[in-house]
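Q: Model the structure of this input:
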Amino acid sequence: MDDGFTMRRMTRAELDTAAEWAAAEGWNPGLGDATAFWATDPEGFFVGELDGEVVASISIVRYVAPNPTLASAPHGPALHGSAAPEGLEPFARTDLADLVVYDASVFGCRRPEFLEAWLAQAGSRTLVAREAGRITGYGAIRPAAEGYRVNPLFAETTGIAASLLDALLAAVPEGELVAVDVPGVNDDAVRLVAERSMTPAFETARMYAGDVPDTDWRRVFGVTSFELG
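A: As a prediction, this is how the structure comes out:
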């Protein structure tokens, strides 16, 4: 039966529309997310032919009305112009190759095109933790439809994750909402945000068609995105 529907690749403008729908539903996407998604795979985004690729789906398990004090950690100066605390350094484009390797060791696969675009979003800031020249964690914060989002937050230890998170929070203008998508399977990550007076807004479940990616959840204190992992 012809129901009048057709399936085709999404255009760049239509991806912006999808992001607007997500914002209207309360998902609070980053302002530059659609640009990063498109840069990752402009030919394959929302394609109907999957050819055996792993596909993930997110659904809400439990919703709680957002709390305006979601992040009440001390805030400081504007996002740009803030000095990085000792042991952390601002991300530089020359760090991208090393960061792609570290990110893959946590996430489970390399994603250079995505990270290059994701970390270049307007108004964003990324901090990298190093020990003896080796990357031991990194975190990024970006402006969202409402406030800011910290995604990702990867670290070798809870202490490193805490340093990264506190530095990112301290760079947010006073009174702004800050969200972190914390994996519930990492108890240390849950405690980390609770200790900073963050309160849950909603709980999601991730489902997969195909093999589940080999993500090291012990080092994930904040997932990068719901859409691309």
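
Q: can we go C-alpha only for contacts and neighbour counts from here?
A: Will do.

Q: next structured bit after the helix or strand bottoming out on mean pLDDT in the chain?
A: Each helix and strand of the chain was given a mean pLDDT (mean pLDDT, DSSP states H and E); the minimum falls on strand 55-63 at a mean of 64. The first helix or strand that comes after strand 55-63 along the chain, using DSSP states H and E, is strand 88-90.

Q: in its sheet, what does that following strand sit against?
A: Applying DSSP bridges, strand 88-90 is found paired with strand 125-131 (antiparallel).

Q: Now the partner strand: buried residues?
A: Neighbour-count burial for strand 125-131, counted by 16 or more other C-alpha atoms under 10 Å, picks out 125-129.

Q: same deal with stretch 175-185?
A: Using 16+ other C-alpha under 10 Å as the burial criterion, the residues of stretch 175-185 that qualify are 176-183.

Q: So what's the gap between it and the chain middle?
A: Between the centre of stretch 175-185 and the centre of its chain there are 10 Å (C-alpha atoms, centre = their mean, to the nearest Å).

Q: I'd like the average pLDDT over that stretch.
A: The average of the pLDDT scores along stretch 175-185 is 90.

Q: Then stretch 87-107?
A: Across stretch 87-107, pLDDT averages out at 93.

Q: Any buried residues in it, and which?
A: For stretch 87-107, the neighbour count (16+ other C-alpha under 10 Å) marks 88-91, 99-104, 106-107 as buried.

Q: Now do it: everything it contacts.
A: Contacts of stretch 87-107 from elsewhere in the structure, counted by C-alpha atoms under 8 Å, 6 or more residues apart in numbering, are 84, 109-112, 115-116, 125-131, 135, 137, 154, 164, 213-217, 219-220.

Q: I'd say residue 85 and residue 165 touch.
A: No - using C-alpha atoms under 8 Å, residue 85 makes no contact with residue 165, being 11.3 Å away.

Q: Which residue of the two possesses the greater neighbour count?
A: Per other C-alpha atoms under 10 Å, whichever of residue 85 and residue 165 has more neighbours is residue 165, with 25 against 14.

Q: Just the CA atoms of the helix or strand hosting the more buried one, as CSV, please.
A: Using DSSP H and E, residue 165 maps to helix 158-170. Extracted C-alpha coordinates of helix 158-170, given in CSV (Å, rounded to 0.1, in the frame of the first residue of the first chain):
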residue,chain,number,x,y,z
THR,A,158,38.1,9.9,39.8
GLY,A,159,40.6,12.5,41.0
ILE,A,160,41.5,13.5,37.4
ALA,A,161,37.8,13.6,36.4
ALA,A,162,37.1,15.9,39.4
SER,A,163,39.9,18.3,38.5
LEU,A,164,38.6,18.5,34.9
LEU,A,165,35.0,18.9,35.9
ASP,A,166,35.7,21.6,38.5
ALA,A,167,37.8,23.6,36.1
LEU,A,168,35.1,23.4,33.4
LEU,A,169,32.4,24.4,35.9
ALA,A,170,34.5,27.3,37.2
